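Participant: let's see this in three dimensions:
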Amino acid sequence: MRIKNINGTTDNTCQCESWLTHWKRYSGQSVPSYCPVDGCLEKELVGAHVQKNGSGDSRWYIYPLCKTHNASKGQSLEVSGSWEFVSANVAETCG
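Facilitator: Numbers count the residues shown, from 1 in each chain. Predicted coordinates:
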């Protein structure tokens, strides 16, 4: 699956401790041991704001990525399909 990180989301907040906590709480999954981007072995992850690339779905999601890939705004990334996408719309989750 391909995703892209979204520009301009730094000011978005929710009631969770962090966006990674938000992802963990609403995905029902444990945080991955490594960044889900193909070939990445980074272990320190954050909850990144992403969109599914090329799917016609323009909604924003939270997805675990390493800090390096979280900083790659607009770049298309190939990720594992094993991890859930959690809505970044806090009205649907922790609002």
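Participant: now name the helix or strand holding residue 26.
Facilitator: If you go by DSSP states H and E, residue 26 is part of helix 19-27.
Participant: residue 40 reaches residue 64, doesn't it?
Facilitator: No. Using CB atoms under 8 Å as the test, residue 40 is too far from residue 64 to be in contact (11.2 Å). (Glycine included, C-beta is placed from N, CA and C.)
Participant: quick revisit: contacting residues around the helix holding residue 26?
Facilitator: Applying CB atoms under 8 Å, 6 or more residues apart in numbering, the external contacts of helix 19-27 come out as 14, 16, 30-31, 45-49, 62-64, 83-84, 86-88, 93-94.
Participant: what about burial for these, which qualify?
Facilitator: Among these, those classed as buried by 16 or more other CB atoms under 10 Å are 14, 16, 45-49, 62-64, 83, 86, 88, 93.
Participant: what's the burial count for the nearest residue to residue 68 once chain neighbours are set aside?
Facilitator: Nearest non-adjacent residue to residue 68, counting by CB to CB, 6 or more residues apart in numbering: residue 42, 6.3 Å away. For residue 42, the neighbour count with other CB atoms under 10 Å is 13.
Participant: just to revisit the earlier point, and the helix holding residue 26, what's its mean pLDDT?
Facilitator: Throughout helix 19-27, pLDDT has a mean value of 94.
Participant: helix or strand next in line after that helix, which one?
Facilitator: Next element after helix 19-27 (DSSP H and E): strand 45-52.
Participant: ok, that next one: who's next to it in the sheet?
Facilitator: Paired with strand 45-52 in the same sheet, following DSSP bridges, are strand 2-5 (antiparallel), strand 61-66 (antiparallel).
Participant: mind listing what's buried along the helix holding residue 26?
Facilitator: Across helix 19-27, burial judged by 16+ other CB under 10 Å covers 19, 20, 21, 22, 23, 24, 26, 27.
Participant: residue 6: which of the residues you listed is nearest?
Facilitator: Residue 6 has its nearest neighbour among the buried residues of helix 19-27 in residue 19, at 11.9 Å by CB to CB.
Participant: returning to what we had before: pick the one among the buried ones among the contacts of helix 19-27 closest to residue 5.
Facilitator: For those, the nearest to residue 5 is residue 48 (5.7 Å; CB to CB).
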